[in-house]
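K.L.:
Requesting a structural model of the entry that follows:
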Amino acid sequence: MTGPEANMTELDKYPPQSKWHDWTELDAKAWPDKKERNYTLVPTTCFNCEAACGLLAYFDNETGDIAKIEGNPEHPASRGRNCAKGPATLNQIYDHERILYPLKQTGERGSGQWERISWEQALSEIGERIRTAFLEERHNEVMYHVGRPGEDGYADRVLKAWGTDGHNSHTNICSSNARIGYQSWMGHDRPSSDFANAEVIFLISSHLEAGHYFNPHAQRIIEAQNKGATIICVDPRLSNTGSKADHWLPTWPGTEAFLCLSIAHLLLEAGTWERDFVRRWVNWETFLAELYPEMPQAFDSVEHALKDHYSEYTPEEAERITGVSATQIREIATIIGKHPTKFASHNWRAAGAGNYGGWQVARSLFFLNVLTGSVGTEGGTTGNGWNKFTAHQPKGAPPLEKWNELNWPKEYPLAYHEMSILLPHFLNEGRGKLDTYFSRVYNPIWTNPDGFTWLEALKDRAKVNCHVALTPTWSETAWFADYVLPMGVGAERHDVASFETHAGRWIGFRQSVFRRYAEIKSGEPVGPDARSHEYNPGEVWEENEFWIDLSWHIDPDGSLGIRQWFESDERPGEPISVDEYYGHIFAEEVPGLADAAAAAGQDPLSYMRDRGAYAVPTDPYTPYEKVVAAESVADCTKDEHGVFRKPGTIGAFDGSEASFAATELAKLGDGSPAVEIDGEIKEGFPTPSKKLELFSTTLKEWGWPEYSTPKWIPSHVHWEDMDIAGNERILLPTFRIPTLIHTRSSNSKWLNEISHRHPLWIHPEDAEKLHIEESGLVRITTRIGHFVIQAWRTEGIRPGVVAASHHMGRWRLDESEGRSWAGGKANISSTENADGGSTWKLRREGGNKSYDSSDPDTGRIWWHDTGVHQNATFCVQPDPISGMQCWHQRVRVTPAQADDEYGDVVVDTAKSREAYLEWLDKTRPAGTTNDSGLRRPLWYARPLKPIIDAYRL
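P.N.:
Here you go, the predicted model:
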């Protein structure tokens, strides 16, 4: 038998990997005729969220075009299954409005006056200005601001090689609260849940993990539910998760930590907690010594102390605070208590991202894992570092000696990532300036709060001298760039990525499928001098090769010491190629991969190019119990808590100042290789105590002793402090629509047809009280302005709360340039205020509409709504500890006024500054709360972690 019938014996099977270079199947579009199509399948990794699921590009061998994109069954996390965003990569590749060539703005930023330039011109001009900055010792005036990186550390290596502490990120609009909540327990800043084997799944989430690793998590959550697991969803809004859950708990926003601690209270009262796990792996000795010194300092005192410490969190008080009934809280605590070690939990954005003190949501939630002994167990929750694989990079980079206070100001010593949302305010204050600012897969004017303050900064060359937008699509921010350089989507670039999607480790390989297809068809490898933009559509490039070539333009003769880090070891004097770079990683840095490739008769790079992913061998459970050989700690000293410390970690960096950072240096992870537990030497956790930290000495020592243990912190939108009886409500803007991708979905026609509007969720009870008509226009007034949106009455939200998805409201300034499937034409105007700020107004000039183009589908656009740019009306509200933007808003909800139109946005940037200063005043800066002399705890993670001397104030 030949043809597609020979290929497929069962309809539910994927094409076998052995036939990917020659696969024949029937053309669905030709039905009812049976027409065969022959394909070459090339794997890559999705770049449309952080999950990095596997994709297969089906190249039609007759046309040489990609006919479709489907899932890669060889990928250990996604297992061949994808959400809507993965196949929509096809839209992004062939979108008729995408940016295909380097562009330079010839007029004022925002004028839309562009000229096409060559890559060589872009590299030469940008490289020369960066070289000048470095020669003049202005390294930190070069900044790289990334949204979704999609890769594991490549750009970090570039910046270290350049000697600039210039990494900036989107993290404090995303996940800083969750990170510090988890990190303060276990040293890992993300949770990794074994959902597939859990018996109870507790999610403080807006979707089935849509805010994190949506597809791989959702698969396993539903698998567990089908096996009998109980799913509990905490969300004021009836989300997709809530609709699938066994228990939906619509708490008042910001009270989620109180709910978790009430459950902890009940576990302690009922005795359904894992005493021996707590005895072995929690720093209860410190907890007793710090808070209960009058008690006998023995484990027998812990139960009484914990009951006392959490006595206020009764289910009755939880009902009053959270709005969830005491009966339901008791029922859930009973369910959890009956399933020790099999409790999987997760919080990433949602409540953590929304609230002042939201980091305590993650801390309080993980407390339930600790009490049930469900840490690193089958069916439990572990740290991301144990289920994520990060390979060492070839070439490396020199130590970083600088500290950039524009990103890491002393006011936020515990901020878990850069204080990026405050950058325009810092520039306004004269804290620094930027010579060259790269925005990469990031759209701060639209995505960040206070977008008009960003717009003002990006228009001002005295603050930002040169703005280079590295982007696959047009965006509001790219419109205000000097250079727009087209970078590849997930099928047009090279990256390695690995994430904590389940109980296991893997590495995925993103590659330019066009480049690989050319290799397969020619039978010859692409040469080391080739560049991906020679194979991709237009002249779309990738960052890896761009950074290599830009680095050579910055340091053409090697005199700056930069070029050496981008030079080929195989071909001295020539730039390193992507084949060399990734070939070394796969051959030398991934356990077991070389042997698997050899068994398949391939070298490791070819093996990964043909499969796209590899499951790294691992034993995922209880890694902290790993026995450490006695000889590994032979040169260590053991402290009173059984922690082994390497000699020289205290005061080792400056003998003349032996007291400098002595406490902090003692906490360095590599200075504490093991801990003794019941007479055995164990690996433990990457924390100062090598245990789970119920009591955080770091929080105490850095000025926040009142939050050293899990505790509820009332939110800035706590319902008891608001005029709920009047027209004040809590606005939830944190949930995402799982079919969209922030900025990058704008160039996907399929996704925008599915999701293109975001009405205001409002409970009928509130709508009646506030005189909001069914589908009527609503004015939402924030601290700094207002926006106008359409109402949607639904009982799927708690009364007192309104909600609008954060994905919508895309706009463009020109009818012909920067068009997309998601953006509507808008007019933006501003007037100066007497107090030094400006009042900005954005008004839509019609929504989306059909038009003629090379894509016939533009003539079939039937939707008009493009949503409302609500984020622009939110002031910066950084949590004083984590630095996380507290997204939830205290708003006035009223019917629209006579002159209001749908989509109107009005903002006063003088009020933005007032809010910035007020929230800045909530902080406890480094140097004011302890005498370590440091800017930040040394054991805290940090991108581009510099040498210890740079930590000195």
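K.L.:
if I pick residue 632, what's in contact with it?
P.N.:
673, 674, 681 (CB atoms under 8 Å, 6 or more residues apart in numbering). Just so you know, the C-beta spots here come from the backbone N, C-alpha and C atoms, and that holds for glycine as well.
K.L.:
mind checking how far it is from residue 682?
P.N.:
12 Å (CB to CB, to the nearest Å).
K.L.:
shared neighbours, the two?
P.N.:
residue 674.
K.L.:
how distant is the helix or strand residue 134 falls within from the center of its chain?
P.N.:
Secondary structure from DSSP states H and E places residue 134 in helix 119-135. Centroid displacement of helix 119-135 relative to its chain, using CA atoms, centre = their mean, to the nearest Å, is 30 Å.
K.L.:
Please name every helix or strand in contact with that helix.
P.N.:
Contact analysis of helix 119-135 by 3 or more CB pairs under 8 Å, 6 or more residues apart in numbering; DSSP states H and E lists strand 142-146, strand 434-440, strand 464-471, strand 483-486, helix 543-554 as its packing neighbours.
K.L.:
want to throw these into JSON lines with distance to residue 294 and mean pLDDT?
P.N.:
As requested, those are exported to JSON lines (distance: least, CB to CB, whole Å; pLDDT from 0 to 100):
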{"stretch": "strand 142-146", "distance to residue 294": "51", "mean pLDDT": "97"}
{"stretch": "strand 434-440", "distance to residue 294": "55", "mean pLDDT": "97"}
{"stretch": "strand 464-471", "distance to residue 294": "58", "mean pLDDT": "98"}
{"stretch": "strand 483-486", "distance to residue 294": "65", "mean pLDDT": "98"}
{"stretch": "helix 543-554", "distance to residue 294": "59", "mean pLDDT": "97"}
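K.L.:
quick one, strands of the stretch 451-600 of the chain?
P.N.:
464-471, 483-486, 495-497, 505-510 (DSSP state E, counting those that start in this stretch).
K.L.:
Quick one: the ones you listed as JSON lines, columns for distance to residue 726 and mean neighbour count too.
P.N.:
Below are those laid out as JSON lines (distance: least, CB to CB, whole Å; neighbours: other CB atoms under 10 Å):
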{"stretch": "strand 464-471", "distance to residue 726": "42", "mean neighbour count": "23"}
{"stretch": "strand 483-486", "distance to residue 726": "47", "mean neighbour count": "24"}
{"stretch": "strand 495-497", "distance to residue 726": "49", "mean neighbour count": "25"}
{"stretch": "strand 505-510", "distance to residue 726": "52", "mean neighbour count": "26"}
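K.L.:
Please identify which of these is closest to residue 773.
P.N.:
Nearest to residue 773 among these is strand 464-471; the distance by CB to CB comes to 39.8 Å.
K.L.:
Quick one: distance of that closest one to the chain centre.
P.N.:
The answer for strand 464-471 is 22 Å, by CA atoms, centre = their mean.
K.L.:
Adjacent strands (with direction) for it?
P.N.:
strand 434-440 (parallel), strand 483-486 (parallel) (DSSP bridges).
K.L.:
Touching that strand from outside, list them.
P.N.:
By CB under 8 Å, 6+ apart, strand 464-471 touches 99, 109, 126, 129, 427, 433-441, 457-458, 475, 477-478, 480-487, 543, 546, 743.
K.L.:
now that strand against helix 543-554, angle please.
P.N.:
For strand 464-471 against helix 543-554, the angle by axes from the mean of the first three to the mean of the last three CA atoms, to 10 degrees is 150 degrees.
K.L.:
Tell me what angle strand 464-471 forms with helix 119-135.
P.N.:
Using the same axes, to 10 degrees: strand 464-471 against helix 119-135 is 140 degrees.
K.L.:
Strand 464-471 to strand 142-146, inter-axis angle?
P.N.:
Using the same axes, to 10 degrees, strand 464-471 lies at 30 degrees relative to strand 142-146.
K.L.:
in the stretch 51-200 of the chain, which spans are helices?
P.N.:
Remark: helices assigned in the stretch 51-200 of the chain by DSSP state H, counting those that start in this stretch are 89-94, 119-135, 154-162, 176-186.
K.L.:
Identify, out of those helices, the most deeply packed stretch.
P.N.:
helix 176-186 (a mean of 29; mean count of other CB atoms under 10 Å).
K.L.:
by contact count, what packs against that one?
P.N.:
By 3+ CB pairs under 8 Å, 6+ apart, helix 176-186 packs against helix 350-354, helix 359-371.
K.L.:
Buried residues in the strand or helix carrying residue 305, which are they?
P.N.:
Assigned by DSSP H and E, residue 305 belongs to helix 302-309. Judged by neighbour count using 16 or more other CB atoms under 10 Å, the buried positions of helix 302-309 are 302, 306, 309.
K.L.:
again, but for stretch 314-322
P.N.:
With the criterion 16+ other CB under 10 Å, stretch 314-322 contains buried residues 314, 315, 318, 319, 321, 322.
K.L.:
What count of nearby residues applies to the closest residue to the second one other than its chain neighbours?
P.N.:
Same thing as residue 315. Using CB to CB, 6 or more residues apart in numbering and skipping residues adjacent in sequence, the residue nearest residue 315 is residue 326, 3.8 Å away. Neighbours of residue 326 under the rule other CB atoms under 10 Å: 17.
K.L.:
List the residues that contact residue 326.
P.N.:
314, 315, 316, 318, 319.
K.L.:
got any ranges where the chain has weak pLDDT?
P.N.:
Along the chain, segments meeting pLDDT under 70 span 1-12, 206-212, 648-671, 815, 817-818.
K.L.:
Could you rerun that using 80?
P.N.:
1-13, 205-213, 647-672, 815-820, 835-836 (pLDDT under 80).
K.L.:
Kindly tell me how buried residue 775 is, as a neighbour count.
P.N.:
10.
K.L.:
which residues sit in contact with it?
P.N.:
759, 790, 791, 792.
K.L.:
Inside strands: which ones of those residues?
P.N.:
790, 791, 792 (DSSP state E).
K.L.:
ok, for the last one, nearest residue in space, not its chain neighbours?
P.N.:
Spelled out, it's residue 792. residue 759 (3.6 Å).
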